[in-house]
Each structure stands twice: as C-alpha cells, then as structure tokens.
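# Sharing a model that was predicted from the sequence below.
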Amino acid sequence: MSSMEGDFSGERPRGPEHPGICDAAEFVDRDAIEAQAWGLIANRESLNDVEVAQQERRDNARTALWEGLTKSGHLSRIEIHGTFEEINAQVLSRLLRGWSDRLPEAEKRRRFPEICEELTIQAVQKAIVADELPESTAVALASDFPEDMPEKSARNLGYRPDNKKGMVRSTHLVAHPDGTYTRIIEQMSRSNGTWRSTFGFLKAAGITPMHRETADVTALATPFLYSVQDYTNGVVDIQKRLDQHAGPNIRYGEIIGANPLHVNYDQVRQESMAREKQAEKLLDGIAAYEEKLDALVAQGLIEQRQRDSQYGKKILHTLRAICTMAPEYAADCFGQKAATYYQRASDAVLTGDFDRAQRIISDARQHEEVVVICGASLSDEEEAELGLGLDSMANNLKNTKELWGWKAGICRVMSCATRPGQTEVGPCSVCRKCQAKFDKGQDPTKLTTRPKPKAPATIELIKPKIVEPEPMPLAA
C-alpha cells in the first residue's frame, strides 16, 4: 500500500465537491456482501447452470474488440433484458464462471471485489424495486490499472501498462410496464487510470475508502451511488470529474489533443455508438465461435484454459482485420510501429490485393505491442479436428470488408474532393465515391491534388461591348 499510503490519513475529507455522490456502504452492509461472495465462490460448482444468452455472447465480443481497439475515450453500453431474477442470475453466473483457483493471487484479489460489486448492485436495485431508493439511483465504480502488479504479469492478464488503462463503469435499472426490467451497464475507458485521480475524486465526494491490499483493489472495493437525474450523461459525467482530479487540460486521462481518436465529452456517446455499429456484423461470427468453444468444454474435449486461448486467437484475428479496414485504430491497438504496416495493408485491400495485405500483416506481427493470448494453445491439427480452425488472413479480410459498416469520418484519400470535411467512410476509411473508383480498377490516391468543385451555374447578362474612341491627332 506504499503507493497511496497517507492519501486519506490525517485530515478528514474536505467535503462534497461532487454533490449527490455517496458511498454505497451507507446503504449496503459490506461485511455481509463479502461473506455472501465467499460463499458463492466456495459453492460455485454446485450452483445451477445459467444458459448463456446469444446477446451476452455478442456483448462479450463487442467488449473484447473495443477494449483492444481503443486505449481510452470509448464508451461501451450493454443492455440486459428480463425479469429481475433472470438479469441477476445471468450477470452473477458470468462472474463466477470467471473465477478459477488457478488464477494468480493478484488477479483473485481483483476478481473478488468485482463479485462484491455485483452483489452490491443487486442489493441496491432490490431496494429500488421495493421503493426504498429512487429509481434514478445508479451504482458506479472506478476499475483502476493494477500499478503494483509486475508489468509482464499485467500484460499476461490482459491489462495495458503502456497507458495504464483503467475503466469507470455505471449500472442502473429501468422498469417496464409488463414487470420486466432492463439493466444498463456503461463503461468508459481512460488512460492513467490510477489512484491519483480516483482517490482525489472520492475524497472530493466525501467518500473514505477502506484500505485494501493495493490501491487498485481499494478502488474496486469502493462502489458509490449517484442519480442519473443529477448526472444526466451518466458515466461520461463521472469520467469528466475524474479528469478534473488528474490535472489541467486532461480528457479521458490524457492531454487534450494527444489522441486523434478522442472526441469531446458531449460527442463521445454518439461517436462510440457509431464506431461499434461499423463492426456490428462481425459479432455473430465471434459469438458462434464462443458457443462452439463452450460446448467443447462441456463435453470435456478441451480445457477451460484452452477455450480462453482459442477465444483470444479469434479476437486477435478479428482485430487485425479491423485495423486493416480502419487503420486509424492500429496505433492504439498494436502500437505505432505496427500501425505503419496496417496502413500499407489497407492500401493493398483498397486495390483488391488481399494476398499482399496478408503478407504485410504477417510482417506487422513482429512489431505488434499489447498482444496477449493466455492459456494453453491447441495445435493446428487439434484446431482442425475440433472445427476451430480460423480462416486465412486473406479470407478474413475479404469477409470483414463485406461486413464492415459506414460511419461519418474523413476520407483518407488525400485527393478526395470531400476533404477536409466529413462524409460517410467505410472499409479502409474511404468514401463511397473513392471506393467506387477502386472497384473499377482506378487509383484515386495517385492524384496529387484534389479536384476543384464546380462553380454553381449562374445566368450572365450580355453586356454591350464598349469601344474606346481613338485619340484625336494633335494640331500641327
């Protein structure tokens, strides 16, 4: 705890600079929650299996992709529909499936408060259903980067030491007239997600966390409540206040202007939805692959760690294709060195040369950063025998290009007449007109200047020609 020792010692918190935010421990018995969590972990094998819904598998795929593609400044939103009991069982079952005695102790220390977070959410939402708390009450939590964990261990567990990636997430419940509910979970990614901003925010809200083994575990063990009526932009408003405690000129944990993917707070919700919509048609394939893996685990044909490794391979295969369709994500996803290769691979796809793009991506792999696939891998023969083999990268790129959507953006063809304004861009971040030229075998990138837009048609009046008189000759 040396990294944060003394941050809350001595003086009392200086009062609520963030009104309406309070410690969840004021409404929930933390000791009882922790005792319940340990009981569930101990008896998890005897609990009834909860069927994984197709929507949950799609949500898993979406979350995995966008956590990989963006370092910070992205908002993910998940909606779970059903009865109150169905929703609670689905989320808790997922968390308990993620617990393993084989996990490193440092990771167990983080997973435990996440289970406690879910039990806290359920207790708060039960009070909402019983009209004991306002229906606008939301539960939020800062999930910080594990600074005390060795960098190699952090990478192996899927964390990102390069920018100390953290999250802040928020959960609230919406009731429907038919007696069903929708649980809305929003998660905002941020760089430099550490105790420095998190504890500053909590202190300013008048919340004093109970010290745990490490700073990040302390943050995870301190869920707080707020009202979506007071903070109408939800988790974005919470992130904005965390940034206020990170220093001046900070947005999503980074200096404003440092990351080209970042947009303003009031735009991030819409932009994140537009990004995810582009990749929406890729989710079903990943969800089906996960379902096949889970079936093989249930049949005893593969182990859980092999399942996790194969799922990671599928995600990585998809990330490489996405960074070719949208090379602006490559630097965040794989690092700046690899990004130059993905730009070239994207150029090859534009001209229809998928084999060349495959070779370029193969070269890029030795320069990729933050590529983590945990667990025991299957051999190529085992993958083929179990029906788990992945397409070649060339075929993967072809399929992804067909499924990739369109969104507002700037066409990357420098000679495009739409630049520097925005238009609709699709595969390889080009507009429809430039894509049509590529499809015809033309290459608009070879034009050195942008065509000038035609002047609007006007009616010109015919003016009479004025003839200047010749000068009179001077008298002799």
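Yep, it's here.
# Going by residue numbers, what spans are strands in the protein?
With DSSP state E as the criterion, the chain has strands at 22-23, 75-82, 137-143, 166-175, 181-190, 224-227, 250-251, 254-255, 407-409, 423-425.
# Redo these as CSV? Include distance to Ala42, mean pLDDT and mean neighbour count.
Where C-beta positions appear, they are placed from N, C-alpha and C, glycine not excepted. Below are the strands of the chain laid out as CSV (distance: least, Cβ to Cβ, whole Å; pLDDT from 0 to 100; neighbours: other Cβ atoms under 10 Å):
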stretch, distance to Ala42, mean pLDDT, mean neighbour count
strand 22-23, 28, 96, 18
strand 75-82, 26, 96, 18
strand 137-143, 24, 97, 24
strand 166-175, 25, 97, 21
strand 181-190, 26, 97, 22
strand 224-227, 28, 97, 21
strand 250-251, 42, 97, 21
strand 254-255, 42, 96, 16
strand 407-409, 47, 91, 16
strand 423-425, 52, 94, 19
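# Now the ones you listed in CSV, please, with extra columns for distance to Ile360.
Putting the strands of the chain into CSV (distance: least, Cβ to Cβ, whole Å) gives the following:
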stretch, distance to Ile360
strand 22-23, 52
strand 75-82, 30
strand 137-143, 35
strand 166-175, 33
strand 181-190, 28
strand 224-227, 47
strand 250-251, 33
strand 254-255, 29
strand 407-409, 23
strand 423-425, 21
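# To Gln358, which of these lies closest?
Closest to Gln358 of those, according to Cβ to Cβ: strand 423-425, at 23.0 Å.
# returning to that earlier point: the strands of the chain: which one's closest to Thr63?
Set against Thr63 and scored by Cβ to Cβ, these come closest in strand 75-82, at 5.9 Å.
# residues touching the residue nearest to Leu92 when sequence neighbours are not counted, list them.
Distance criterion Cβ to Cβ, 6 or more residues apart in numbering; nearest residue to Leu92, sequence neighbours excluded, is Glu118 at 5.6 Å. Going by Cβ atoms under 8 Å, 6 or more residues apart in numbering, Glu118 touches Val91, Leu92, Leu95.
# Gly253 now?
Ser72, Asn163, Lys164, Gly166, Arg190, Ser191, Asn192, Gly193, Ser197, Leu242, Asp243, Ala246.
# ditto for Lys281
Neighbour list for Lys281: Leu403, Trp404, Gly405 [criterion: Cβ under 8 Å, 6+ apart].
# ok, and the most crowded of these?
Trp404 (21 neighbours; other Cβ atoms under 10 Å).
# Quick check: that one touching Arg275?
No: using Cβ atoms under 8 Å, Trp404 makes no contact with Arg275, being 11.6 Å away.
# Give me the helix or strand of the chain that scores worst on average pLDDT.
The weakest-scoring helix or strand in the chain, judged by mean pLDDT, DSSP states H and E, is helix 380-385 (a mean of 81).
# next one: it to chain centre, how far?
Taking Cα atoms, centre = their mean, to the nearest Å, one finds helix 380-385 lying 31 Å from the centre of the chain it belongs to.
# Residues in contact with it: which ones?
Residues contacting helix 380-385 (Cβ under 8 Å, 6+ apart): Gln310, Leu388, Gly389, Leu390.
# how far away is the first one from Lys292?
Translated: Gln310. Distance from Gln310 to Lys292, counting by Cβ to Cβ, to the nearest Å: 9 Å.
# shared neighbours of the two, which are they?
Contacts common to Gln310 and Lys292, judged by Cβ under 8 Å, 6+ apart, are Leu388.
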